[in-house]
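Undergrad: For reference, the sequence and a predicted model appear below.
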Amino acid sequence: MNDFQEIADRVEIEALRGEFTDAAMMRDRARLAALFTPDGVLRMPDIPVEFVGREEIRTGGERLQAQWDFFVQNSHPGTIRLDGDKATGRTYMQEIARVLDGRSGLNFAVYHDSYQRTPEGWKFAERVYEVRYVDTTPLRGSAPGPDAQSHGSGAAGDAGLAS
C-alpha cells in the first residue's frame, strides 16, 4: 500500500468514528446504522446489549434513546491498525447521561473496533463497548428545556458557563 492510500484510509476511518459520535448525539439512528457493514455488530457487554445487522442496530438504538433525558458523548482518537481491506482500532469515550427515571452518570469507556473497506468506503464490522469507569453520583446540572434556544442561551448560559 502506498503512503497516500494509508493516509486516506486513516482519515476515512477517523471520519467514520466522528460520524458515529455525531449520529449518536443527534439521535440519528438510521445514519448510525448505515455506518456498519450489513452484518455489522454493536456489542455493549456491560449494558448488556448486542445488536447484529443494520436494522437491529437502528431499532435497538431507538429503544435505548427513548429512555434518555439527555446524553452527551465525547470521542477521543485512539489507534488505527491497517491490514489491507480490514483494520482494527480503538476510540476512547467520555459520556454523561440521565435517563427518564432520574438515574444519571458519567463514564469513561473504550470502543474496540473492527473496520472493513466496502464499495461505499470504510464501515464498522464490529464495535465492542468496554466501560472502564462509572460514576453514578446524581448529576446536578440539567439539559435545556423545550423553550430554551439552541445557541447562546439556555441552561449553560443561565448558569454562567458560557463565555
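TA: Everything's here; your move.

Undergrad: Identify the single longest helix in the protein, thanks.
TA: helix 3-25 (DSSP state H).

Undergrad: What residues of stretch 95-107 count as buried?
TA: By neighbour count on 16 or more other C-beta atoms under 10 Å, the buried set for stretch 95-107 is 95, 96, 97, 98, 104, 107. C-beta coordinates here come from the backbone N, C-alpha and C atoms, glycine included.

Undergrad: again but with stretch 37-51, I slipped
TA: Applying a neighbour-count criterion of 16+ other C-beta under 10 Å, the buried positions in stretch 37-51 are 37, 40, 41, 42, 43, 44, 51.

Undergrad: Contacts for it next, please.
TA: 36, 52-54, 57, 60-61, 64, 116, 118, 123-131 (C-beta atoms under 8 Å, 6 or more residues apart in numbering).

Undergrad: Give me the pLDDT value at the most centrally placed residue in the chain.
TA: Nearest to the mean C-alpha position of the chain, counting by C-alpha atoms, centre = their mean, stands residue 21 at 3.7 Å. Residue 21 is assigned 95 on the pLDDT scale.

Undergrad: Show me the beta-bridge partners of the closest residue to it other than its chain neighbours.
TA: Once flanking residues are discounted, residue 21 sits nearest to residue 75: 4.4 Å by C-beta to C-beta, 6 or more residues apart in numbering. Applying DSSP bridges to residue 75 gives these bridge partners: residue 93.

Undergrad: ok, now residue 71?
TA: If you apply DSSP bridges, the partners that residue 71 bridges to are residue 97.

Undergrad: Now do the contacts for it.
TA: Counting by C-beta under 8 Å, 6+ apart, residue 71 touches 24, 25, 65, 95, 96, 97.

Undergrad: any idea how far residue 102 is from residue 23?
TA: Counting by C-beta to C-beta, to the nearest Å, the gap from residue 23 to residue 102 is 26 Å.

Undergrad: Of the buried residues of stretch 95-107, which pair is most distant in space?
TA: Largest separation among the buried residues of stretch 95-107 by C-beta to C-beta: 98 and 107, giving 12.5 Å.

Undergrad: Of all the residues in the longest helix of the chain, which ones are buried?
TA: 9, 13, 14, 16, 17, 20, 21, 23, 24.
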